[in-house]
Structures are given as C-alpha cells and as structure tokens.
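> give me coordinates for this.
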Amino acid sequence: MMLPMQNDIFQQEQDHLTHVYGELKRLGTDCVKRMERTAAQAEQDKRAMAEELSVNLANYADAMETYADFSAMNTIVEMSNLTQTLDAQRLADITLLLKQPYFAKVNLKFPQFEDVKEIYIGAVGISDENYQKLVVDWRSPIAETYYNQGTGPTSYQANGRTIQAVLQLRRQFSIAEDQLLQYFDTTVAIQDPLLLQSLEQGKSSHMEAITTTIQKEQNTVIRHEDVPTLLVIGAAGSGKTSVMMQRIAYLFYQLRDSLDPRQVTLITPNAVFGTYIESVLPQMGEKNPPMMPWHQLMANLLPEGRGVGDANVPVERLDAIDAALERFDFQPGDFRDISWDGTRLISASQMLKLSAKHSNLPAGPRRVTLMREALAKRLDTRLNQLAAKDEVQDQLAALSLDEQISLFGSPVELLTEEEAVSAARQFVRRQFAPAFALLEEDVWIDVDHLGYRLLSRGGLTSLEWLYLKMGITGLAAEDVRFAMIDEVQDYTAAQLIVAARYFRNAHFLLLGDPNQAIAEGTASFQEIRAIFAGTRGGICHGPVSECTLPTSYRCTPQITELFGRLASPDTGMSIQSVQRGGTDPLILAPQPEDYLPELAKVLRQAEAEPGLTAVIVPWKQDAKRLGKQLAEQGVHPTVMDGKRPLPERGPVIIPLALAKGLEFDGVILAKAPAGLDPEDPLERRRLYTAISRATRRLTIFVQ
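Residues are numbered from 1 along each chain as shown. Next up is the predicted model:
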C-alpha cells in the first residue's frame, strides 16, 4: 500500500538516504584523490627508476641484473595500473549510485540473531572503507528475498547453502539523488506501485532497465541456474527482452572473475532493436556484449560478396551434409592455391599431399587443424625463400625514409648481413600478411566444390555452405560461453541448427512468443526443443529447461484484451494486463478516397502527443510508399528503414518486422482486416504482434 508522504517513517528514511548519499560523495572524493596520488606516485617511480637503470649487457651476470631491474620496474607499473583499474570501477559504481542510491529495503530476521537486519538494495553494491555495506547489489543472493515478494518465511542460496530468514518488511522507494520522493510497503506484484508508475511513463527511443520493478516470475528467469538451454516463452509485453538483459547482468555479476563480455553473444531481431537495447546494461554498470542481427552474423562468416541467402532450407539438406561428411575424403579439386599479389605461395597439389600424410585421421576438423598448422610452417618457409631474393633487397634499398618508418617504425639499418636478412623477412611478411589470414580462415578449402561433389548438386544456399564449412573445418565461436537469441520464433529450424553448431560451447537463452511468429516456415517451439535437446554433427547441448511469462505489463487492459483474443489457445497462456484503465482502441473504416486524409489527420494529432507513435505497415516497401503519400498530405513522419535508430519522439512509419520487440506510446495500424478476427493463423499472429506494440493509444484502419 502507498504510505503518507510526511510521517516519522518518511523522515527516518530521508535521514538514512541523506547519510548514504553523503557517504557516497565522500567515498567518491576519496577515490578521485587516491587515483590522483597513485598516478603521481607511479610517474615519480618511473622517473626515479629510469634514472637509476643502466643497461649493462657486458657479461651474463650484468645482463641478468639489468633484466631483473627492468622486471621490477614493470611490476611496479602493473601494480599501479591494477590499482587504478579497481579505483576506476569503484568510482563508476559510486557515480551510478549517486543518481539513485537504492530502490528497495528489506528487513530480515535470522534465527541465529536477535536483531533485525536492514538491507538497502541498489543497482550495484558498495561498502565503506570499514567494509560496512551501504548498498547491496540487486544481484546478490540476499537480495532475492526482495524479489520473492511475499513477506514471512523466506530463503536464499549463498555459497551452496540455503539461508532461512523471515522477511518482516519489503519497502520500495522512489528516489532522485538525495531526495526521497515516495516509499511503499508492498507484498505482491499486482499491487506493485513502482511497477505501475514505471508503466505509466512515456516510452523513449531506448529501453530502460527494469531492475527496480522485476516481478517474481521474471526473477525466476533472471536467477535461473546455469543450464545448457533455457527456453523462455512469454506473452507480448511480458518483459522477455528486459529479462534477457537483466539475466546477462546477473551472469556478469555471478561470474565476475571469469566471464568477459566478449564471451557472450546476443542475436537481435534487427539493427533498430540493437540500438533500442544498447543502453540497458550500461545503466546497470555493465558493458554490452557483442550484439548483432542474424544477417550480420552470417555476413561475418560468409565469403565477401556472398549474400546471406534464403533461410528456408529444408532440415533434410543439413542432414544430408552430416551423412556425407561421415564417409568422405579429400580429393583433387577440393583445395585452392594460396596466392597473394599475383604470387602463388602454396599450391593445391601440396595441400593434397599433406592431406594424404594424415589419412589415418578422418577428413574433417582434426585433420584440417593439423594441415593448417603444417601449412603455416610452409608459408613461413616460402616467405623466407622470397626474402632471400635479390629483388627484395633492391626494394628495401629503394625505400624512402618515410616509407621505412611507416613499414618498420624506424629507419632500416642494413650494415650487416644479419640485419639485411631480418629486414627482408620483415618486409616480405608485411607484404604477404593477408596470406596468413587466408590460411586461418580456411579459404584454401573449396567448400563449393566439395558441396557439389558430396551432394551431387550445385548452388549451395548460404546456410548449407556455412554448415558444410563448419563440418569440414570445425569453424565455431569456441570462446562464446553464452548465446542469447531473442524472438526465437522468427527463425527457421535450419537457422537454429546452424546457430547451435556455431556456438557449440555456449549455453543458450532462447526467448520468444509463438503468437508472434510472423513469417512463413519458422520453427515451431516443439522443433526448437528438439533442435537444442538433440545431437547434430556430434554437438549435443543437453536437456532444455523452460520458463513461462504469461503476464503482460506493456499495454492497457483494453489493448491487452484485444490482442489476447488473437492468441492461439495451444500456447496455454492466459494473457492478462496489470495496468490501470486506459482508453478504448479507435477503429476507423474510411472510404478509399478518404483514407490518406484521415490518416494524415490522425498523425497530426499524434504529433502533439507525448512519446513515440508508430504507424505499422506490413512490409518495407509499404513504409516507403506511405511515407511519400503522406508527404503529399503535408505530414512527414520518419520512415524507418532499418538503418537508423528511433527518434526520441514523434510519429514514425515502420514495417512490422522492424517493430518486433519494440514498444510505442501510440500505434496506428495502417491496414487491418475487417472484424479484426482473421481466419488465417499467420495473419492472426501478425495482427497480434502489431497491436501489442502499443502501450497507451491504438488506432486501427480497417479495410
């Protein structure tokens, strides 16, 4: 329930906030001063040691002493850098907390203690110099007692033990810097005042972190144990994407000492969506992992100039590749010369002979790895042979001073034969450096020829080409430990099989809504489960764990009821809204000649409304055409083409595929079927998806 704003409790909480805020400012000031002292001391130490150091390599003992002195200096520099890095992170945490020191408080009574423990929960944790916790990180084990929501007996896991306690108080705060605006004592999600306040705020061009309003079923996903595959099925507006971002932040916290952001990959529906979510993790003090849409992932792995191709590849074709690779061996024509700048460095015939030397191994990743290593040595030998040629020495001698500095970093000394040989080898390696990249990328294997030979057909699709290359060479993102795929219902079975194989060492988080499968030929959730639970090409990810998010937080009850009627009963989700009342959707059916003027009128009204309003059209070409038609009516909404981020406010025209995963204050459906109850399942899912983008205002133009 909401508490009166001015009472003794309010003043006590304000006094506590004032104290914590003051401590944060003091700790921040101390941190800055310490960093300044560390930098000054490090500079002083380096100058002093540089003056004392003398290079003496006259004999072995003197050389060892010199090396020891240099090692000691490097140790001092490294320690200084480590101290600065730790202080910089602490300062970043303090800066984040100064915007809102904390957002919640729990009072816990532990059986072994008489006193009640008061814990304040914030975006990150911070302690004073005496290691007294001022704020506890929301991701810490004890903070789970807040997200469990119910008062009374509760527990949490810490260091492998279950800690029992009684939650006596669950308090939420609305805070701006050092000012307490409101506080609420709450128990259950449906009465969550902070959540309702958040839902009433206007939408912007960037998603906000939901740390302060995480609900119980969302918390289950965020803190789920690490499993090979976690499949999250949620209704539109249930917070799937937000939960995914919080899950990433939680993993970074849990695996702070071992997980690098580069070991996480997030596959986004499109580039607009990637821009939309890019500020969420920084709001929580974390770095973004690599984020890219599927077509960008494919472009990174395919030869330059080859399109990403058709995703609707029958799974049987990938099965045929697996079967062919079980019994094949390399033959003439399967390899390509490694050449650069018109010079052949290693011939295909040499590669075939090298393959024959390893015929005791099956043709595949192990043999290719050994061949790659041997070819690298041969490439080194070949470049050394080129470096010994007279024309290389002539080229070196002809280099201008600027060219020497550009190539070698300093003027080239060719006073001795040893210096001449070293410079020539360095020169040739720079000239033919791309050849090593060709070797590492396995360009010397002719995947197209192998596909034609093994499958008795040409014209591999890009998915087949990549799957075949992975099977032959072992190509994979081996360092990626977690792969996240949002809107998983939009991918075909073949795409997901390729993803499962490429991220073969990763644990997967898959999020989607079967009611939002808006394209033909995408994988059903039954197929998704089978793909990630099964074994393909020797890769097995293990059992699939599942969570469901049935509650929609995004839309008003009227909008939720409208798209909820379109949901398939097979999903088993009862979609409900937790928001307060809103306005009924406006349904318009103008005559054809009145359509554009009426749409322009609605858009002029939308220009005066707060936040973003999206005119959703079926396809990209519809967006371009409608943009031109509305311009003739004197209205100029931004046309989203997937290449630009959302504006901060105002109307936009956006195709449905780009609107996936986004939300807007207002939505205008430019074209919808009469009755809003199409029989075709695909059209129902497309209408469900479009309607559920709206949070407050919905206008539908029906045919």
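> from the contact counts, what lies against the longest helix seen in the chain?
Longest helix in the chain, counting residues (DSSP state H): helix 8-52. When contacts are defined as 3 or more C-beta pairs under 8 Å, 6 or more residues apart in numbering; DSSP states H and E, helix 8-52 sits against helix 60-99, strand 133-137, strand 161-176, strand 179-185. For every residue, glycine as well, the C-beta is placed using N, CA and C.
> kindly recompute the last result at 10 Å.
Contacts defined by 3 or more C-beta pairs under 10 Å, 6 or more residues apart in numbering; DSSP states H and E place helix 8-52 against helix 60-99, strand 116-122, strand 126-127, strand 133-137, strand 161-176, strand 179-185.
> so who does the closest residue to residue 320 other than its chain neighbours touch?
Distances taken as C-beta to C-beta, 6 or more residues apart in numbering put residue 455 closest to residue 320, at 6.2 Å, once the chain neighbours are dropped. Residues near residue 455 by C-beta atoms under 10 Å, 6 or more residues apart in numbering: 317, 320, 321, 323, 324, 464, 468.
> so which residues make contact with the helix or strand the second one falls within?
Taking DSSP states H and E as the criterion, residue 320 maps to helix 315-325. Among residues not part of helix 315-325, those counted as contacts by C-beta under 10 Å, 6+ apart are 314, 362-365, 450-451, 453-457, 460-461, 463-465, 467-468, 470-472, 492-494, 496-498, 501, 523, 527, 531, 536-538.
> how about a cut-off of 8 Å?
Applying C-beta atoms under 8 Å, 6 or more residues apart in numbering, the contact partners of helix 315-325 are 364, 454-455, 461, 463-464, 467-468, 471-472, 493-494, 497-498, 536-537.
> likewise for stretch 347-363?
If you take C-beta under 8 Å, 6+ apart as the criterion, stretch 347-363 is touched by 328-332, 334-337, 367, 370-371, 374-375, 378, 444, 472.
> next, the distance between the ends of stretch 566-585.
Start-to-end span of stretch 566-585 (C-alpha to C-alpha, to the nearest Å) is 15 Å.
> helix or strand next in line after the helix holding residue 320, which one?
Tracing the chain C-terminally past helix 315-325 and defining elements by DSSP H and E, one meets strand 338-340 next.
> within the sheet, what are the partner strands of that following strand, with directions?
Taking DSSP bridges as the criterion, strand 338-340 forms sheet pairs with strand 343-346 (antiparallel).
> report the buried residues of the strand it pairs with.
345, 346 (16 or more other C-beta atoms under 10 Å).
> how about that strand as CSV, C-alpha atoms only?
Output in CSV follows, covering the C-alpha atoms of strand 343-346 (Å, rounded to 0.1, in the frame of the first residue of the first chain):
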residue,chain,number,x,y,z
THR,A,343,52.4,-14.8,-56.3
ARG,A,344,51.4,-18.4,-55.6
LEU,A,345,52.7,-19.3,-52.2
ILE,A,346,51.3,-22.8,-51.6
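> after that strand, next one along is what?
Heading C-terminal from strand 343-346 (DSSP H and E), you reach helix 348-357.
> okay, buried residues for that next one please.
348, 350, 351, 354, 355.
> packing partners for the helix or strand just after that helix?
Later in the chain than helix 348-357, the nearest helix or strand by DSSP H and E is helix 365-387. Contact analysis of helix 365-387 by 3+ C-beta pairs under 8 Å, 6+ apart lists strand 343-346, helix 348-357, helix 417-431, helix 433-440, helix 462-473 as its packing neighbours.
> what about residue 110, neighbour count?
Counted with other C-beta atoms under 10 Å, the neighbours of residue 110 add up to 13.
> list the residues that contact it.
Under the criterion of C-beta under 8 Å, 6+ apart, the contact list for residue 110 reads 117, 163, 164, 165.
> residue 118 versus that one, what's the distance?
12 Å (C-beta to C-beta, to the nearest Å).
> can you tell me how far residue 447 is from residue 296?
From residue 447 to residue 296 the distance is 21 Å (C-beta to C-beta).
> who's more crowded, these two?
Counted by other C-beta under 10 Å, residue 447 and residue 296 do not tie: residue 447 has more neighbours, with 21 against 17.
> wait, that one sits on residue 469?
Yes: at 5.0 Å, residue 447 counts as touching residue 469 under the criterion of C-beta atoms under 8 Å.
> list the contacts of residue 628.
With contacts taken as C-beta under 8 Å, 6+ apart, residue 628 has no neighbouring residues.
> okay, the buried residues of helix 348-357 in TSV with distance to residue 398 and pLDDT next?
As requested, the buried residues of helix 348-357 are exported to TSV (distance: C-beta to C-beta, whole Å; pLDDT from 0 to 100):
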residue	distance to residue 398	pLDDT
348	34	96
350	32	96
351	35	96
354	37	96
355	41	96
